[in-house]
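> Attaching a predicted model along with its sequence, questions to come.
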Number of protein chains: 2
Amino acid sequence: MTNEELLLNNLARHISLEQTEIDFFFSLLTQKTLKKKAFLLRQGEVCKTENFILSGCIRMYTIDDSGQEHIVMFGVEGWWTSDLYSFFTGTPSEYYIDALEDAVLLQITKERLELLYEKVPKFERFFRILLQNAFIAQQRRINQNLSYTAEQRYLDFIQKYPQLEQRISQKQVAAYLGFTPVFLSMLRKKLSQS
Amino acid sequence: MTNEELLLNNLARHISLEQTEIDFFFSLLTQKTLKKKAFLLRQGEVCKTENFILSGCIRMYTIDDSGQEHIVMFGVEGWWTSDLYSFFTGTPSEYYIDALEDAVLLQITKERLELLYEKVPKFERFFRILLQNAFIAQQRRINQNLSYTAEQRYLDFIQKYPQLEQRISQKQVAAYLGFTPVFLSMLRKKLSQS
DNA sequence: CGTCTATTTGAATGTACTCAAAAGCGGTGG
DNA sequence: CCACCGCTTTTGAGTACATTCAAATAGACG
């Protein structure tokens, strides 16, 4: 699948577009490559773009007072990523976004997105649906964090994102699930023995 | 503030409407009253409406295998509530929604909402913005659950929602924050002593 | 007033964390 | 291509935070 196809499939899942509308949309995007460990956004900066991931793997996270990282989302090819709050309000972000693997992104700025909504209102629908899905996924995650033990959350994670678990380090998985890498190591040992 | 004003303010914060558009919107809504402890939605049922809360207090929650309740959201006057996943996909909900206080709601069905989007596309924008704000709030909550101790989360909660803390029982607060009522009681004692 | 539920208190337990040290692994430069 | 450096993972011991269970007290509601 080419880069363009990846995004076209993403669009086609929710709205149907004329070729001219597709062309217009693509004309608003700019491509950006991101080396492993490079930052797309740092805490305190304003998030200027929404980003469609063509390849690679990124994470969005905070660093707490004691220096620990906490991952609020991962992104891989086919996903959109951004700090929406900073993006829409123009206020400094609380989050870091960086690459866990070399990545290629398509970016759209707020101004261009507003222009897109104006010219092709169907995109308002498209981004509402994306947001809706992300919202629902987050609600599930909140509920799981409340209801499940660390072990249950880990088992659920590897079942739900088997590909991700292969690609990223245990340290990152732990920072996403809300426990320490040391604890994850013990958990895996225990699970492999039983 | 009348019921109508509450909703009008809510709309006006994000979109501007003609009187005819407002009238059309209101014509699509039906009012529902909900006695304390009455269910708006039970696990396994399909969520048929989005609900704007005119008065009262509701909660959306799950019950886990060991019978414990976990609250994913509260709602008070001026808030929208619904299980969006069930609402949009038509699949049975995993959640319960019931009233912590007698409540009055304005409801809109999916069919009518789609009609509204079609006739007045500005509402697509309105609901996208609502969703965006809810998404951002959830992301914060996920991050806090990952980063903060139970005590920090409680202090943050009472600071952020001082009105809510007055209205609802400690048991409900505990079910929202992710610990037991017993622990919350000990926490409060400790905090009042220091 | 009586019943039902929520809150408090205490003791014992368990889950997950910190600290520390060793082992493993991957990337980089000589 | 190998050796080294830095980061991740493993392992173990001791600790802290939060839970469970149980019982007593307090509050809310009919």
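Alright, I've got the coordinates. Residues are numbered from 1 along each chain as shown, chains lettered A, B, ... in the order given.
> Tell me where the model's unsure across chain A.
A:1 (pLDDT under 70).
> Closest to the centroid, which residue in it?
A:Gly75 (3.5 Å; C-alpha atoms, centre = their mean).
> Angles on the backbone of the nearest residue to that residue once chain neighbours are set aside, please.
Once flanking residues are discounted, A:Gly75 sits nearest to A:Thr81: 4.0 Å by C-beta to C-beta, 6 or more residues apart in numbering or on different chains. Heads up, the C-betas are built off the backbone N, CA and C, glycines and all. Main-chain torsions, A:Thr81, degrees, to the nearest 10: phi -140, psi 150.
> Count the residues that sit near A:Thr81.
23 (other C-beta atoms under 10 Å in any protein chain shown).
> hang on, it packs against A:Cys57?
No: using C-beta atoms under 8 Å as the test, A:Thr81 is too far from A:Cys57 to be in contact (10.5 Å).
> Now for these two: what residues contact both?
A:Gly75 (C-beta atoms under 8 Å, 6 or more residues apart in numbering or on different chains).
> A:Asn10: how many residues sit nearby?
A:Asn10, neighbours per other C-beta under 10 Å, totals 15.
> For the helix or strand hosting it, buried residues please.
Assigned by DSSP states H and E, A:Asn10 belongs to helix A:3-12. Residues of helix A:3-12 classed as buried by neighbour count (16 or more other C-beta atoms under 10 Å in any protein chain shown): A:6-8, A:11.
> what distance separates the helix or strand that contains A:Thr62 from the middle of the whole chain?
In this assignment (DSSP H and E), A:Thr62 forms part of strand A:49-63. Relative to the centre of its chain, strand A:49-63 is centred 5 Å away, using C-alpha atoms, centre = their mean, to the nearest Å.
> Only alpha carbons, please: show it as CSV.
What follows is strand A:49-63, C-alpha atoms only, in CSV (Å, rounded to 0.1, in the frame of the first residue of the first chain):
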residue,chain,number,x,y,z
THR,A,49,-0.4,20.5,13.3
GLU,A,50,-2.5,17.4,13.3
ASN,A,51,-0.4,14.5,12.0
PHE,A,52,-1.2,11.5,10.0
ILE,A,53,1.4,8.7,10.5
LEU,A,54,2.5,7.1,7.2
SER,A,55,5.2,4.9,8.8
GLY,A,56,7.0,4.5,12.1
CYS,A,57,5.9,4.7,15.7
ILE,A,58,5.4,7.7,18.0
ARG,A,59,4.3,8.3,21.5
MET,A,60,2.7,11.2,23.4
TYR,A,61,3.6,11.4,27.1
THR,A,62,4.2,13.5,30.1
ILE,A,63,7.1,13.5,32.6
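> That one: partners in the sheet, and parallel or antiparallel?
strand A:69-76 (antiparallel), strand A:80-81 (antiparallel), strand A:96-109 (antiparallel) (DSSP bridges).
> Any chance of a markdown table for those, columns distance to DNA strand C?
Shown next, in a markdown table, are the strands paired with strand A:49-63 (distance: least, C-beta to the nearest atom of the strand, whole Å):
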| stretch | distance to DNA strand C |
| --- | --- |
| strand A:69-76 | 11 |
| strand A:80-81 | 23 |
| strand A:96-109 | 9 |
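> Please identify which of those strands is closest to A:Gln132.
strand A:80-81 (12.7 Å; C-beta to C-beta).
> following the closest one, which helix or strand shows up next?
Using DSSP H and E, the helix or strand that follows strand A:80-81 in sequence is helix A:84-89.
> Touching that next one from outside, list them.
A:41, A:45-50, A:91-95, A:110, A:131, B:132, B:135-136, B:139.
> Also stretch A:2-11?
A:1, A:17, A:22, A:25-26, A:52, A:54-55, A:77-78, A:104, A:106, A:126.
> Which one of those is nearest to chain B?
A:Phe126 (10.0 Å; C-beta to the nearest C-beta).
> Tell me if I'm right that that closest one and A:Arg13 touch.
No: if you go by C-beta under 8 Å, A:Phe126 and A:Arg13 don't touch, sitting 9.2 Å apart.
> okay, those two: which has more neighbours?
A:Phe126 (21 against 10).
> Name the residues of the longest helix along chain A that are buried.
Using DSSP state H to define each element, chain A has its longest helix at helix A:122-147. Applying a neighbour-count criterion of 16+ other C-beta under 10 Å, one finds A:122-132, A:134-136, A:138-147 buried in helix A:122-147.
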